[in-house]
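Student: task: produce atomic coordinates for the following.
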Amino acid sequence: MDVVTFDGTNVSNDLREKLKTDSYRILFMGRLIEENGVQDLLEAIRMMKNDDFKLYFAGNGNLEKLISGFIEKEKLHDKVSLLGVIRGSDKQFLIRNVDLSIRTSYHEVFPVAYLESVSVGVPVIATPVGDTEYMAERTDAITIVPVNDPESVASAIREHMRKGPLPEESVRKAQSFIDSISWEKQSLQTKDIFNSIMKVADHKN
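Tutor: Numbers count the residues shown, from 1 in each chain. As a prediction, the model looks like this:
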């Protein structure tokens with residue numbers, strides 16, 4: 001994961017236009033499936049209909065029609081947008097030009113998408129599944145909300161809307177953590193462990 005290099009020259013004009021808003025910009029990036037808690041997020045958004053925000057769904061999945069139906073039923077065309085699959089420069093531009101990233105998942109492993117957001121100063125709201133709590137502890141940039149709890153999600157979003165961007169200290173801490181788990185650092189640590197084991201083995205022989 002490259003958290004520094006970004007070339008915005010190839011970003012699509014369509015995406016630039018969609019992100020032009022004075023409202024608080026919220027990003028859900030991932031598969032639009034039940035496992036990622038999409039319906040919980042929609043319920044939270046229903047509770048926030050009168051708040052000033054814009055929610056972007058970046059991804060695809062079997063819940064696209066459900067989201068479209070929700071937008072239609074709740075008359076939220078100006079507050080919720082389906083972007084489809086976003087890749088390359090568009091993805092990096094999107095991550096850097098929202099105010100908050102969110103995913104209310106029921107299952108995760110090691111969600112790199114969260115680190116991509118916090119590394120550029122965008123706070124994250126997420127559920128305590130997989131390695132998310134560990135990442136939250138190490139970065140100070142991820143707010144944990146309970147699984148299947150739309151009310152807590154809505155409350156957390158409003159709190160972030162009040163607080164604004166991540167403090168510089170949190171961004172530096174997140175970037176330091178990301179650097180510590182890079183492939184280069186991990187390979188060197190693995191090499192050191194292997195060499196230590198070999199020294200012990202040679203000593204015993």
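Student: where do the strands sit along the chain?
Tutor: Remark: strands assigned in the chain by DSSP state E are 24-29, 53-58, 80-84, 100-103, 124-126, 142-144.
Student: and those as CSV, adding mean neighbour count, distance to Asp179 and mean pLDDT?
Tutor: The C-beta positions use only the backbone N, C-alpha and C, and glycine is treated the same way. Listed next are those as CSV, based on neighbours: other CB atoms under 10 Å; distance: least, CB to CB, whole Å; pLDDT from 0 to 100:
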stretch, mean neighbour count, distance to Asp179, mean pLDDT
strand 24-29, 22, 22, 97
strand 53-58, 22, 26, 98
strand 80-84, 16, 30, 97
strand 100-103, 25, 20, 97
strand 124-126, 25, 18, 97
strand 142-144, 20, 17, 97
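Student: output these in a markdown table; the columns should cover distance to Met47.
Tutor: Listed next are these as a markdown table, based on distance: least, CB to CB, whole Å:
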| stretch | distance to Met47 |
| --- | --- |
| strand 24-29 | 14 |
| strand 53-58 | 12 |
| strand 80-84 | 14 |
| strand 100-103 | 14 |
| strand 124-126 | 14 |
| strand 142-144 | 17 |
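Student: nearest to Tyr134, of those strands?
Tutor: strand 142-144 (9.9 Å; CB to CB).
Student: so what does the closest one touch, helix or strand wise?
Tutor: strand 124-126, helix 132-139, helix 150-163 (3 or more CB pairs under 8 Å, 6 or more residues apart in numbering; DSSP states H and E).
Student: list the strands paired with that strand, with their directions.
Tutor: The strands that strand 142-144 pairs with in its sheet are strand 124-126 (parallel) (by DSSP bridges).
Student: show residues contacting the partner strand.
Tutor: Strand 124-126 has contacts (CB atoms under 8 Å, 6 or more residues apart in numbering) with 100-105, 108, 111, 114, 117-118, 132, 136, 141-145, 153, 156-157, 160.
Student: and it, how far out from the chain middle?
Tutor: Centroid displacement of strand 124-126 relative to its chain, using CA atoms, centre = their mean, to the nearest Å, is 6 Å.
Student: swap in stretch 118-136?
Tutor: On CA atoms, centre = their mean, the centre of stretch 118-136 falls 7 Å from that of its chain.
Student: output that stretch as CSV, restricted to C-alpha atoms.
Tutor: Provided in CSV are the C-alpha atoms of stretch 118-136 (Å, rounded to 0.1, in the frame of the first residue of the first chain):
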residue,chain,number,x,y,z
VAL,A,118,-6.6,7.0,8.0
SER,A,119,-3.2,7.3,6.3
VAL,A,120,-4.5,10.3,4.4
GLY,A,121,-6.3,11.9,7.4
VAL,A,122,-9.8,10.4,6.9
PRO,A,123,-11.3,8.9,10.1
VAL,A,124,-13.0,5.5,10.0
ILE,A,125,-16.1,4.1,11.7
ALA,A,126,-16.1,0.3,11.8
THR,A,127,-17.4,-2.7,13.7
PRO,A,128,-15.2,-4.8,16.1
VAL,A,129,-14.6,-7.8,13.7
GLY,A,130,-11.4,-9.3,12.5
ASP,A,131,-8.3,-7.2,13.3
THR,A,132,-10.3,-3.9,13.4
GLU,A,133,-10.0,-3.4,17.1
TYR,A,134,-6.2,-4.0,17.0
MET,A,135,-6.0,-1.5,14.1
ALA,A,136,-8.1,1.0,16.1
